[in-house]
Structure formats: C-alpha cells, structure tokens
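just need the structure, nothing else, for what follows:
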Amino acid sequence: MKSSTAYLFYLKNDKHTIYRGDNLREINYFLEIFTPNIRNLILSNPPYIIEKITEIRLRKNNPVVIYIENSPYFISNNGPLISNPNENCFLINNGDFELIVDRLCNSSFHNNIETMLNGYITAQNGSRVGLCSSAVYKNGVLASIKDISSLNIRIAKEFKNCSRNIINEIYKDNLPSIIVASLPSMGKTTFLRDFARIISSGYKGKYTKTVIVDERNEIAGNFDTGINTDIISGFTKAKGIEAAIRTMSPEIIICDEISTPDELEKISFGFSSGVKFAVSVHLKSAEKIMPDSVAARLIETGEFEYLIILKKYTQEYLVYNLTEENSEGIGNFNDDFLFRLFGNYNS
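Next up is the predicted model:
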C-alpha cells in the first residue's frame, strides 16, 4: 500500500471562504407535496430557518420533526418550531400522511416498489425519502410492502463551489482519483455533485469527460452537474460503472457510497482502462479507518491519490496525500487522529 503521514492541509471555515448555496428550491419542492396545513405551518417560520432544514420526519399520528442541521425541532400548532415536544405539537393525521406518500410516488406505488423494497423512495428532485413499513412475503421472497408508517425526507442540497477550494489544491497537472469519507450527513454527496459540475465545465480550460453513476438519482437529481457530464441512473453502481467504461469513454467516473465487492471489482477494472474515479465511503467511526473497511480496500488499489475527510460539508476538512511513501503508513490513521484534528467530530 502507498502510504503517508503527511497531511496535505487542514482548513477550518475561519481560514477559507466557504460558498454556501440556497436549498430553498429543494425544500419548496416538498412543501408543494405537503398538505396545505403542514406547508403553511412550516412557512410561518422565517426563511433563514427554513433554508437550514436538513431532514423532515413524518410519522402517522405523531409530531412532525424538523432537523435544522443535526438538531431536532417540532412544529407547534401555531407554526413556530419548538425544541421539546408538548401538547402544543402539531400531529400529522392518517389522511394527510397517506396523501403525501401518494404524491411522493407520483400516484404510482407500482413504479416505486423496487426502491421501496430497499426502504426508500427517490423523489423527482433527487432527494431520498426513507420509509418504514411492514414486509409482504410470497413463497419466502420479499414481494411488496404495506402499512407505511413513517417517512424521513432528506433534503438534497446544492452548495455551489463547496468543492472548489479542495479542487484548487489537488488538481495540479492532472485530475487525481479521490476518496471522500465522512460520517453520515456531512456532505459527501453534495461535494461530489459540485465536484462534477466544476471539473466538467472548463476548470483550468479543460472540459473533463465526466460520468456520474447515480444508482438512486441522488447526486444529479435536477441539479447542475456540469456541461460535459453524463448521468447513468437507476442501475446498480457495479453495472453502471461497467457500462460507463465500455460505452462512454469517461475520463472520470463519480459514484456515491461504495460498499460491495462487485463495486470494488469494477473500480479496479476502470483503473486498468485508464479511468479516474471520485467516490465516497462512510466512516464507521470518527477515529478509525479499519484495515478491512471499504476505504482501506480502495486505498490498497494504489490508484487513489487523495483521501478527503469532510466535516459539515467543507466547512472543516482534511486532505490526506496517499502517494507519499514512508515507513509509518496509513495505519497511523487509526488512533485518535480525527479527534485530535476536529475535536468532537459528531458536534
């Protein structure tokens, strides 16, 4: 394995300009799907609060929970968000809940059943809506679902130029292959979306041939992903990567949440064909990249130049150079490395 103890750079938001986007368009998409009573209660809050919404959780006959970044709030019966549930919380009834599910499915339960069997609906704007339901088996095989009881709406975000500072540092003569890692909800998908837009739209005078393999239509959605970007959507990542390599002559392939041996195999196939990759992985904990983790196996290919650790989009991040060799190696990443850099990573 190529290794390094040199940390290329570590930046906080007080040392670099962070370009935050406006996600009101994506929130408005869901407000239009919601029933008027829920919509009007949310809109009674000021825009600077609404634009910071990251999740909306709906549960039958229970309070609506709004997450502002990582903190939960509850809609009160007169609109303003409150931090603790009480008798003044707004409860969503069965009829409103079922109408919202129908609208999310575009009035076609059948057309969404494949993803619903995997626990989510991908909305037309690219947001993933998680769901809880009861399984229906036929002859021992999961065939359908029933009794959907809760929804988790994750708001897809477009923070234009959130990846530019990092690109400026790592894109020297040629675009490198990168691994983007973080705990959940720290901005991996948002970063990859902006990364695609910048590199395919004339960065340093080059319109890089970019393919996004977008299994759940979460990276691209209805966002601007660049003038020279092609989207392969709905296929498994392994199938999509193989199709892109064989038919689209990409210079770089971008895909989210690498996790399976098939995906790792297709990425290796792509490297042997001269393709670069920008991929994301989950960190299981703040302080460890385990030897048997997906990130470690990607690093072991020897093809990735940088490992990028994100905290809260690119407000705080670390870029780790994987190409410099010395005796200590990537194993030193395992101790309290991220805690020493970020303090409490979960905060």
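
C-alpha only now, for contacts and for neighbours.
Noted.

so which elements touch the longest strand belonging to the chain?
Secondary structure assigned by DSSP state E gives strand 141-154 as the longest strand of the chain. Counting contacts by 3 or more Cα pairs under 8 Å, 6 or more residues apart in numbering; DSSP states H and E, strand 141-154 packs against strand 53-59, strand 128-138.

extract the C-alpha set from the helix or strand following that strand and format it as PDB.
Helices and strands here follow DSSP states H and E; after strand 141-154, the next one along the chain is helix 164-170. Output of helix 164-170 as PDB, limited to C-alpha atoms (Å, rounded to 0.1, in the frame of the first residue of the first chain):
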ATOM      1  CA  ARG A 164     -13.600  24.500  -5.300                       C
ATOM      2  CA  ASN A 165     -11.000  25.100  -2.500                       C
ATOM      3  CA  ILE A 166     -10.200  21.400  -2.400                       C
ATOM      4  CA  ILE A 167     -10.000  21.100  -6.200                       C
ATOM      5  CA  ASN A 168      -7.700  24.100  -6.400                       C
ATOM      6  CA  GLU A 169      -5.300  22.200  -4.100                       C
ATOM      7  CA  ILE A 170      -5.400  18.700  -5.600                       C
END
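
going along the chain, name the helices of the chain.
Counting by DSSP state H, residue ranges of the helices within the chain are 24-33, 36-43, 47-50, 94-104, 113-116, 164-170, 188-199, 237-247, 261-272, 294-300, 337-342.

so which of those helices is the most surrounded?
helix 188-199 (a mean of 25; mean count of other Cα atoms under 10 Å).

any idea of the mean pLDDT for that helix?
Averaged over helix 188-199, pLDDT sits at 95.

show me how far that helix is from its chain's centre.
For helix 188-199, the separation from the chain centroid amounts to 10 Å (computed by Cα atoms, centre = their mean, to the nearest Å).

could you say what helices and strands it packs with?
helix 164-170, strand 178-182, strand 210-214, strand 252-255, strand 276-282.

name the residues that touch that helix?
For helix 188-199, the external contacting residues (Cα atoms under 8 Å, 6 or more residues apart in numbering) are 156-164, 167, 180-182, 206-208, 210, 212, 218-220, 224-227, 229, 254-256, 278-280, 310, 313-314.

filter those down to the buried ones, PyMOL style.
Here is the PyMOL selection string for the buried members of those, based on 16 or more other Cα atoms under 10 Å:
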select buried, resi 156+157+158+159+160+161+162+163+164+167+180+181+182+207+208+210+212+218+219+220+225+226+227+229+254+255+256+278+279+280+310+313+314
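
now for D256: which residues touch it?
188-189, 192, 213-214, 219, 279-281.

so where's the stretch 51-200 of the chain shaky on pLDDT?
126 (pLDDT under 70).

one more pass at 90, please.
Along the stretch 51-200 of the chain, the model assigns pLDDT under 90 to residues 51-54, 68-71, 79, 106-115, 118, 120-128, 154-160, 169, 172-174, 182-187.

show me which of the contacts of D256 is closest to A135.
For the contacts of D256, the minimum distance to A135 (Cα to Cα) is 26.3 Å, reached by D214.

and the nearest residue to that closest one once chain neighbours are set aside, how far is that from V129?
The shortest distance from D214 to any non-neighbouring residue, by Cα to Cα, 6 or more residues apart in numbering, is to S233 (4.7 Å). To V129, S233 is 17 Å away according to Cα to Cα, to the nearest Å.

neighbour count winner among those two?
A side-by-side neighbour count of S233 and V129, using other Cα atoms under 10 Å, places V129 first with 22 against 18.

bridging residues for the more buried one?
Judged by DSSP bridges, the bridge partners of V129 are I121, I153.

circling back to that earlier point, thought the residue nearest to D214 was touching E218?
No - using Cα atoms under 8 Å, S233 makes no contact with E218, being 9.1 Å away.

now the spatially most central residue of the chain: how far from S83?
The centre of the chain sits closest to T189, judged by Cα atoms, centre = their mean, with a distance of 3.1 Å. Distance, T189 to S83, using Cα to Cα: 28 Å.

torsion angles phi and psi at N77?
Here is the backbone geometry of N77 (degrees, to the nearest 10): phi -60, psi -20.
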